[in-house]
Structures are given as C-alpha cells and as structure tokens.
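> Need a 3D model of the sequence below.
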Amino acid sequence: MSLSSSLTIAQLNPDGSVPVPTPPDAAANAAAEALQREAQFEALQAQLDDLQEILAKPLNEILAERDKFKEAAAAWDAFGAMWMLSQRAMRRVALDLAAQQGVSEAEVVTRALAHANQVLNVEDEDLGGSVAPAQLAHIARHKAFLRKQFR
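This next block holds a predicted model:
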C-alpha cells in the first residue's frame, strides 16, 4: 500500500475553510439531540394547541369555568372544615365518656384505631346500621389510601 492510495483530498467549505470531519459518535449524538429537540417541539406544540383551544373560547365561558372551579373549591373547603369540626367534637365526646368510665385517652385512641381497621378490613361491616351504604361505598373507594393512614 502506497502513501498516495491512503490520502484523501478534502473538499473545502464554500467559505474556503477546511472542513473538520465529525467522528461517528458526534454524528450519533447530533441525531439523538435532534430527535430530543423534535420531541420537545411536539410537546410544546401540544401545549400551544391546548392553550389556543382555551383562548378560542369566549371570555365569558372561560370566566364561567373559573367561577365554577372556585365554587367547587369553596364547597370542598367548607366540607373539610365541617368534617374536622365534627371529628374534634366526636373526639371530645369520646374522651369525656371515657374519663367518666375511668378509661385513659391512650386506650380510647387504641380502640378507635382498632375500629377503623375493622371497618377497612371487613367487607360487610355496617356498624349496626349506623353508617349509610353510600358512606361505606365512599370508604371502599379510598381503602388503599385509608389503610396507609391507619398503619
């Protein structure tokens, strides 16, 4: 093999500079970056389309949806406050009755957790008819979350 057979003549760039060959890894990295930029562009385009859809609505519809959201959030907030109030009141009643019977607060808490676990783990628990079927269905929908709370 002669020296002249292994030489290649580089074509100059249009501006007269000598091109720098890119190694194959750089080309692969450039292709991967291009694909990543394309995916980011598609995600941004989807977000833009969603925003355009919102902005295409009349302002009164946008504000009506916002007002409905605010009403729903306020209703849930009021419900949460009512629930906390009832829980605190029932806790106070339980502790007052326990004190009258000479039962400690720790024992009341232990019994409460045992009852909660029984309701969560017994499928046909109805608490003697004192809990409405809709409440039991609601508890059933959230059992996985509730079980984490009572471990």
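
> Can you list the low-confidence ranges for the chain?
Residue ranges of the chain with pLDDT under 70: 1-8, 10, 21-24, 123-132, 149-151.

> in the protein, which helix has the most residues?
In the chain, assigned by DSSP state H, the helix with the most residues is helix 59-100.

> After it, which helix or strand is next?
Elements were assigned by DSSP states H and E; along the chain past helix 59-100, the next helix or strand is helix 105-121.

> Tell me the buried residues in that next one?
Neighbour counts over helix 105-121 (16 or more other CB atoms under 10 Å) mark 108, 119-120 as buried. From N, CA and C alone the C-beta is placed, and that goes for glycine too.

> Name the nearest of these relative to residue 20.
Of all the buried residues of helix 105-121, residue 120 has the smallest distance to residue 20: 68.0 Å, by CB to CB.

> Report the contact partners of that closest one.
139, 143, 146-147, 150 (CB atoms under 8 Å, 6 or more residues apart in numbering).
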